[in-house]
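*Asks:* here you go, sequence then predicted model.
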Amino acid sequence: MSDKYERLLDYLSQTDGRVTAAELAEKLGVSTRSVRSYVTAAKAAAHPLPIISSSTNGYRLNREAYATFSSGTRVRDSNTPRDRVHHLVRRLTEAPEGLDIHSLADSLYVSESTIEADLRKVKALGEDAGLGMRRHGSVVSLVGGEENHRRLLSKIFRSESTQGFLELETMQKEFASADLGAFKTDLISMLDSQGYYVNEYGVSSVLLHVAIAVDRVGRDQPLTSLAVEARPALAHTPVSASLSTLVRKHFDVALGKNDLEYLSKLMTTRVITPGQDQPVETVVQNYVGASDLETVRRVVALVSEEYLVDLNDEAFMVRLALHVGNLVARAQDNSYSRNPLVRSIKTAYPMIYDVAVFIASQIQREKSIAINDDEISYIALHLGSHLERQSRREERITAAIVCPNYYDMHQILRERIERALGDELSVEIVVTRTDVDWNDFSTDLVLTTIAAKGVGDNVVVIQPFLTDGDIDSIRRAVSRLRRHRRRLRIKDDLLLYFDEQLFLRNVEAETEEEMIRTLGAMMVSRGIIDESYVTGAIERERMSSTAFTDTIAVPHAMVMSAARTSIAIAVNEAPMGWGDNRVNVIALVAFSASGRRSFQTVFDQFVEVFAERTEVAELIKRSVDFGSFIEELVHVIDR
């Protein structure tokens, strides 16, 4: 039951406002009766913390109570199946001589048949980590290398983190370590002083392995060998020696050579990148693999050709080549770096994520490795940071200020507005009269110290002496205008891509591939795409799910070979499983070569339109045919 209610809590934590039992049932793929059972179980597990508020309008997460519940300060229910399995893993990894099944059953107050069932789950988890299970009568043990034992412990601990980030306090309690926070501070300071870029998202993972190493060495279970050798190119770095000093200082434990090499390997492949404050030429000469840089150059050329995205910047390519070198090392060790931002990156920046998938597919093919969603998201971060530096600022919103003349009050107001919001808006005119024709302004916004009645949303009333509340009000208005401007930019183009003959309502499909083939067949029959495009869309889906939000999946191929840009869409009242999501809208997008530029703007905005959960629910409900779908879509875009 714990797995089920934690999925429910995870979904509630990502939504604002109340969520009905019916919606939760759809998202979790269960009945509303089951939803009520999960809510009851979650409340019982968190008692006396009121983590869920229930009403006739649905359920809402009480975030403060949930934060306390999730912090690890609560007492865990050791009788849930998952917690028993995790408990057995911990005890078996700490007992190389094995444990007696009868004693285990007695200590956990369960039957021996229950322990046998739990051990089958432990066996499966152990095999995934490279461990076997041995039985001698009633004594059971895990057999395999120390590195495999640690991999299993890491996997078990990570599975308890539904939000992605590993919490230092929870790690400390689990492994009885000293202050990991102080250790982390000194570690980052040391790495910075040695000229490394530090990946903060990967630090927690390495800290987990440090805590496990300290705990295992303290139990006289050090690493006796390494399955994968440390990378030769980084063997000369002082990371290992510095790490040894820090561990001894904070935990009073002396790590052996193999432990230090293993942790250094994790550090060099997950957390640090050399070359901070060094010229690009020096970084290339000392740290970048020639084949990695050559691969990146080829991929950048392909991205420019397929997506018209200019990535031909030497510093960017060198940084990405460094990342590729570490990525290959992780993939070969089957030890990928987790990224807690996968979901948010896919939802907020689908276009950047899609280019990252394309890059990952090329690297995967050249290097003969597998790349998962976490690693694709790190490539997306590289892309996003580069494009953010490269791109010009979005066109600023124009504004007029209405402030009746009284000494130099209007000048002070203008200076304060430009100082606080100069990057977001441009003040075009200042009106110092009281007799104002509100319809006579040509600017996007009007900021006025005069109370205005019967005017549009573009008029914001502020105080003569600008307050923090006024600044917030102006920012909200700017954000609203930009959003509306972005949507108007795609409205006409987007509607051109739909066709009544490519619209389906309540179509059933067992799998993502079946749905892609169903939508693709309609496009093939009309000469828009060929079968190779459908195959390409399925291959793209296997790389990474195209469910960019909780409501829509946008399958597509990574080539723009359609005869014309078009969208085949299925709108279903009942959601279907798509990757880890359950979606109601599936849009197979086919872009032509001449549609490359529109792809860059339409793709992000199309996903954004379907990101508003409440609005999309109404669209799905009211889109009974193609005409009503277009009407509702226009309504959503215009909001």
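*Replies:* That came through, no problem. Numbers count the residues shown, from 1 in each chain.
*Asks:* from here on, just use CA atoms for contacts and neighbour counts.
*Replies:* OK.
*Asks:* what's the mean pLDDT across stretch 587-601?
*Replies:* Mean per-residue pLDDT for stretch 587-601: 81.
*Asks:* and stretch 607-625, by the same measure?
*Replies:* Taken as a whole, stretch 607-625 carries a mean pLDDT of 85.
*Asks:* ditto for stretch 337-344
*Replies:* 83.
*Asks:* try stretch 250-262
*Replies:* Averaged over stretch 250-262, pLDDT sits at 89.
*Asks:* now the strands: where do they sit in the stretch 1-150 of the chain?
*Replies:* 52-55, 58-61, 99-100, 132-136, 139-143 (DSSP state E, counting those that start in this stretch).
*Asks:* please apply the same query to the stretch 451-600 of the chain.
*Replies:* 459-461, 503-505, 552-553, 566-578, 581-590.
*Asks:* helices and strands around the shortest one, which ones?
*Replies:* In other words, strand 552-553. strand 581-590 (3 or more CA pairs under 8 Å, 6 or more residues apart in numbering; DSSP states H and E).
*Asks:* what's next to the strand it packs on, contact-wise?
*Replies:* 26-29, 516, 519-520, 528-529, 547, 550-557, 560-562, 564-577, 620 (CA atoms under 8 Å, 6 or more residues apart in numbering).
*Asks:* now do stretch 173-189
*Replies:* Contact with stretch 173-189 is made by 168-169, 171-172, 198, 207, 211-212, 214-215, 243, 246-247, 250-251, as judged by CA under 8 Å, 6+ apart.
*Asks:* tell me the most packed of the residues you listed, by neighbour count.
*Replies:* residue 214 (26 neighbours; other CA atoms under 10 Å).
*Asks:* how does this structure divide into domains?
*Replies:* 2-70, 81-144, 168-274, 287-390, 397-474, 497-638 (automatic domain parsing).
*Asks:* just how off-centre is the last one within its chain?
*Replies:* Right, domain 497-638. Chain-centre distance of domain 497-638: 22 Å, with CA atoms, centre = their mean, to the nearest Å.
*Asks:* stretch 363-371 - what's its average pLDDT?
*Replies:* In this model, stretch 363-371 has an average pLDDT of 93.
*Asks:* now stretch 117-128
*Replies:* Mean predicted lDDT for stretch 117-128 stands at 93.
*Asks:* chain center to that stretch, what's the gap?
*Replies:* 29 Å.
*Asks:* what does that stretch contact?
*Replies:* Residues contacting stretch 117-128 (CA under 8 Å, 6+ apart): 81, 84, 85, 88, 89, 132, 133, 142, 152.
*Asks:* how near is the fifth one to residue 95?
*Replies:* Between residue 89 and residue 95 the distance is 10 Å, computed by CA to CA, to the nearest Å.
*Asks:* okay, those two: which has more neighbours?
*Replies:* Using other CA under 10 Å, the more surrounded residue of residue 89 and residue 95 is residue 89, with 24 against 14.
*Asks:* give me the number of residues near the nearest residue to that one once chain neighbours are set aside?
*Replies:* With CA to CA, 6 or more residues apart in numbering as the criterion, residue 89 has its nearest non-adjacent residue at 6.6 Å, and that residue is residue 122. Neighbours of residue 122 under the rule other CA under 10 Å: 23.
*Asks:* any stretches of the stretch 301-450 of the chain with poor pLDDT?
*Replies:* Within the stretch 301-450 of the chain, the stretches with pLDDT under 70 are 389-395.
*Asks:* and the next helix or strand past the helix or strand hosting residue 418?
*Replies:* For residue 418, the element it lies in under DSSP states H and E is helix 409-421. Downstream of helix 409-421, the next assigned helix or strand under DSSP H and E is strand 425-431.
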